[in-house]
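**Student:** Need a 3D model of the sequence below.
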Amino acid sequence: MPGYKCAAGTTPDKVTPATCFTPETVKNTDGFDPGQSTNVVLANSYISTGDDHVAIKASGGATRNLLFAHNHFYYGHGLSIGSETDGGVSNMQVTDLAMDGNDSSGGNGLRIKSDISRGGKVNNIVYNGICMRNVKEPLVFDPFYSTAKGSLYPNFTNIVVKNFHDLGSAKGIARTMTFLGYEAKKRTNPLTLTLDNVVFDGTQPAFDVAHNGGPASPNGTHFTFGGNGPVSFANAIVTSTTTDVTVTGTPGTAAAVDCSNAFVPLKSVAPTSPI
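**Tutor:** Numbering: from 1, shown residues only. Below you'll find the predicted structure:
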């Protein structure tokens, strides 16, 4: 099967496009893991796997200047940053991404994950032009990824999600979202997040419950509404000084992103695929 594995320290990796399929039940099978890397491009690729579609890592060294363009993801745990972010991750652009999670019980969409044993700064991350369906956890920004101990505190700043359209679940599975900054152990590292034209069809996702010693979502999150398009769950965000949840700006009225031609069967590029 055509594809590649990007070893830690590879900078840049020039082999693209890729086709990657692993059964959903096979764990620790990430599709593409750039670590401690600079000037990374993944484009025109198709990934279905039992773990992260992509897991960007920065363990002991920085990862920066990444572009993900015109990709199709299927089963998997998301386009993820982390969980190792202690070296810092910065300047990442995601554009024209279609994700169909096939209603997997472990499905994630856009995800930043870390904890205090391996946390660091994740800054200037832009997701633009995202079509999604059948993904249980579409948006996950979680600095309480595990209960591991340490003093490397996660800090997620200048995160932008725009022109995002989630069409819902074919099976009616409930969706959840996680919006958390790291505000514990006398640290105040709020998640700073801009939302612009972020639309969920049908019943809106619920906010995730408390886990791994962290608070319920949203918490420690400073939302900014970009003003061009709507944010379909805006009315569910409750500002609070107690939870350090703030909102700046007003959603706009632009039409949701057209996803009518976004999704293609994996078997159209990998004929032996079951999906």
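**Student:** Model confidence score at D142, please.
**Tutor:** pLDDT, D142: 99.
**Student:** So what sits opposite it in the bridge?
**Tutor:** Beta bridges link D142 to K113, judged by DSSP bridges.
**Student:** my guess is it meets T178, correct?
**Tutor:** Yes - under the contact definition of CB atoms under 8 Å, D142 touches T178, with a separation of 4.9 Å. For every residue, glycine as well, the C-beta is placed using N, CA and C.
**Student:** Tell me the secondary structure at the spatially most central residue of the chain.
**Tutor:** Residue closest to the average C-alpha location in the chain (CA atoms, centre = their mean): L110, at 1.6 Å. Using DSSP: H, G, I helix; E, B strand; the rest coil as the criterion, the local structure at L110 reads strand.
**Student:** so how far is T243 from it?
**Tutor:** Counting by CB to CB, to the nearest Å, the separation of L110 from T243 is 22 Å.
**Student:** Give me the local confidence score for M1.
**Tutor:** pLDDT recorded at M1 is 34.
**Student:** my bad, V54
**Tutor:** 95.
**Student:** Relative to G78, how far out is it?
**Tutor:** V54 sits at a distance of 8 Å from G78 (criterion: CB to CB).
**Student:** The residue nearest to the centre of the chain is in contact with H77, isn't it?
**Tutor:** No - at 11.4 Å, L110 and H77 do not qualify as touching, with contact defined as CB under 8 Å.
**Student:** and the next element down the chain from the lowest-mean-pLDDT helix or strand in the chain?
**Tutor:** Ranking every helix and strand in the chain by mean pLDDT, DSSP states H and E puts strand 19-21 at the bottom, with a mean of 56. Sequence order places strand 38-43 as the next helix or strand after strand 19-21, per DSSP states H and E.
**Student:** so what strands line up beside that following strand?
**Tutor:** Counting by DSSP bridges, strand 38-43 is paired with strand 63-73 (parallel).
**Student:** Dump the partner strand to CSV, restricted to CA.
**Tutor:** C-alpha atoms of strand 63-73 as CSV (Å, rounded to 0.1, in the frame of the first residue of the first chain):
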residue,chain,number,x,y,z
THR,A,63,7.6,21.6,15.8
ARG,A,64,6.6,24.5,13.5
ASN,A,65,5.4,25.6,10.1
LEU,A,66,3.0,22.8,9.1
LEU,A,67,0.5,22.7,6.3
PHE,A,68,-2.3,20.1,5.9
ALA,A,69,-4.3,20.7,2.7
HIS,A,70,-6.9,18.8,0.7
ASN,A,71,-7.0,15.7,2.9
HIS,A,72,-9.6,13.0,3.6
PHE,A,73,-9.8,11.3,7.0
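**Student:** Okay, now the unreliable bits of this structure?
**Tutor:** Filtered on pLDDT under 70, the chain yields the residue ranges 1-29.
**Student:** just the helices in it please.
**Tutor:** Ranges of helices in the chain, per DSSP state H: none exist.
**Student:** which residues touch the nearest residue to G119 once chain neighbours are set aside?
**Tutor:** Spatial nearest neighbour of G119, chain neighbours left out: P154 (3.4 Å); criterion: CB to CB, 6 or more residues apart in numbering. Counting by CB atoms under 8 Å, 6 or more residues apart in numbering, P154 touches T85, S114, D115, I116, G119, G120, V122, P143, Y182, N189.
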